[in-house]
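A.B. asks: Show me the folded form of this:
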Amino acid sequence: MKTREMRGYRGIKYTLFICCYVFWVSLSNLTLCVSVCVLCCADVVDTLTVDPALLLIVVGSVMFLITFLGCFGALRNATCLLKMFLGILVAVLLLQIAAGVVGYLFTDMVMERTERLMMKAIVRYREDQDLENAIDFIQKKFQCCGVESYKDWSHNVYFECSDTNPSLEACGVPFSCCIHQQNQTVLNTMCGYGMQQLEERSAGQDVFTIGCLEKIVWWAKNNLLLVAGLTAGLLLLEVCMICLAAAQISRIKKVQQQQKENAARSKSERKDSYWYPAFADFDDE
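C.D. replies: As a prediction, this is how the structure comes out:
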């Protein structure tokens, strides 16, 4: 029985360690990607009140701390570290659930905020090479142009459709909005010139006219199972680690209680050995 319990305890211990490692690797990569995006688009995200490099350091340090508590606590059977790890994971899980509920209840506000950020990115197009590449990638990937329509590019100083705009790209759209022809071998970077002056039906023959916000929402709805699966997998991993940490804490406390009882029993036996038993036979010699 003891051997079976020991195997179960070791299984819990090393499974928790592996889960912490997987959690650290997956979220560290995700944090790195998000932080790189923040670093590239720090001027766009007007809610960012700290230096992006500092944000990267803080997030990485917190991730290292959480996984260190879980890994070291599991290997060294430190209940204090495991309790801290358990408490932090429960708090993170509750915050994620709360964020999902708030995002669902305030969908209109989230969409409005997203639209405002995307429009600000269009305004800063050409001013940041990384941001420009990111916008071009999104427009080519989702086959869209602008935020709500291709005429949103008039908010950019280079593509503004007005008689006073001296830019050669006035009333145009970026080349990433252009529809790629099947027999086209050379990229025409001037294909979007003057497209804002055309009606949607005429412009739709050469460029994408649907906004990227609508296309992204459409993609998210069509890939809802994939997004839900990834989210559920992350939450399931967190719940698994919470259960494993709680189980290991319970096993450690059980072993400690048994050790205390054994120590008290052995102490009592040593104390009883100091007295001779009643009716003992003694040799008078």
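
A.B. asks: which intervals of the stretch 101-250 of the chain have sub-threshold pLDDT?
C.D. replies: Within the stretch 101-250 of the chain, the stretches falling below the threshold (pLDDT under 70) are 184-186.

A.B. asks: 50 instead?
C.D. replies: Residues of the stretch 101-250 of the chain meeting the criterion pLDDT under 50: none.

A.B. asks: can you give me the helices in it?
C.D. replies: Defined through DSSP state H, counting those that start in this stretch, the helices belonging to the stretch 101-250 of the chain, from first to last, are 107-123, 129-142, 200-203, 212-222, 224-272.

A.B. asks: Report the distance from the fourth one to the chain centre.
C.D. replies: Relative to the centre of its chain, helix 212-222 is centred 20 Å away, using Cα atoms, centre = their mean, to the nearest Å.

A.B. asks: what is the orientation angle of that helix with helix 107-123?
C.D. replies: Orientation of helix 212-222 against helix 107-123 (axes from the mean of the first three to the mean of the last three Cα atoms, to 10 degrees) gives an angle of 130 degrees.

A.B. asks: heads up, I number from 765, so please use that
C.D. replies: Yep, numbering from 765; the last one is helix 976-986 now.

A.B. asks: Mind listing what's buried along helix 976-986?
C.D. replies: Going by neighbour count (16 or more other Cβ atoms under 10 Å), the buried part of helix 976-986 is 976-977, 979-980. (Each C-beta comes from the backbone N, C-alpha and C, glycine too.)

A.B. asks: returning to what we had before: for the helices of the stretch 865-1014 of the chain, which one sits closest to residue 786?
C.D. replies: Judged by Cβ to Cβ, the one of these that comes nearest to residue 786 is helix 988-1036, at 7.1 Å.

A.B. asks: still on that earlier bit, turn the helices of the stretch 865-1014 of the chain into CSV, columns for distance to residue 954.
C.D. replies: Supplementary listing: the helices of the stretch 865-1014 of the chain in CSV, determined by distance: least, Cβ to Cβ, whole Å:
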stretch, distance to residue 954
helix 871-887, 19
helix 893-906, 15
helix 964-967, 15
helix 976-986, 22
helix 988-1036, 37
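
A.B. asks: quick one: which of those helices is nearest residue 776?
C.D. replies: Across the helices of the stretch 865-1014 of the chain, the minimum distance to residue 776, taken as Cβ to Cβ, is reached by helix 988-1036, at 5.2 Å.

A.B. asks: Tell me which of the helices of the stretch 865-1014 of the chain sits nearest to residue 774.
C.D. replies: Proximity to residue 774 (Cβ to Cβ) singles out helix 988-1036 among the helices of the stretch 865-1014 of the chain, at 10.1 Å.

A.B. asks: Once you drop chain neighbours, what's closest to residue 837?
C.D. replies: Distances taken as Cβ to Cβ, 6 or more residues apart in numbering put residue 845 closest to residue 837, at 3.2 Å, once the chain neighbours are dropped.

A.B. asks: In contact with that neighbour, which residues are there?
C.D. replies: In this structure, residue 845 makes contact with 833-834, 836-837, judged by Cβ atoms under 8 Å, 6 or more residues apart in numbering.

A.B. asks: Identify, from those, the entry nearest to residue 943.
C.D. replies: Distances from residue 943 to the contacts of residue 845, taken as Cβ to Cβ, are shortest for residue 834 (50.5 Å).

A.B. asks: could you flag which of the contacts of residue 845 are buried?
C.D. replies: By 16+ other Cβ under 10 Å, the contacts of residue 845 give 833-834, 837 as buried.

A.B. asks: Closest to residue 990 out of those?
C.D. replies: When the buried ones among the contacts of residue 845 are ranked by distance to residue 990 (Cβ to Cβ), residue 834 comes first, at 27.8 Å.

A.B. asks: And the contacts of residue 845, which two are furthest apart?
C.D. replies: The two members of the contacts of residue 845 with the most space between them (Cβ to Cβ) are 834 and 836, at 7.7 Å.

A.B. asks: rewinding a little: dump the buried residues of helix 976-986 to TSV, plus distance to residue 952.
C.D. replies: Compiled in TSV, the buried residues of helix 976-986 are given as follows (distance: Cβ to Cβ, whole Å):
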residue	distance to residue 952
976	21
977	26
979	22
980	26
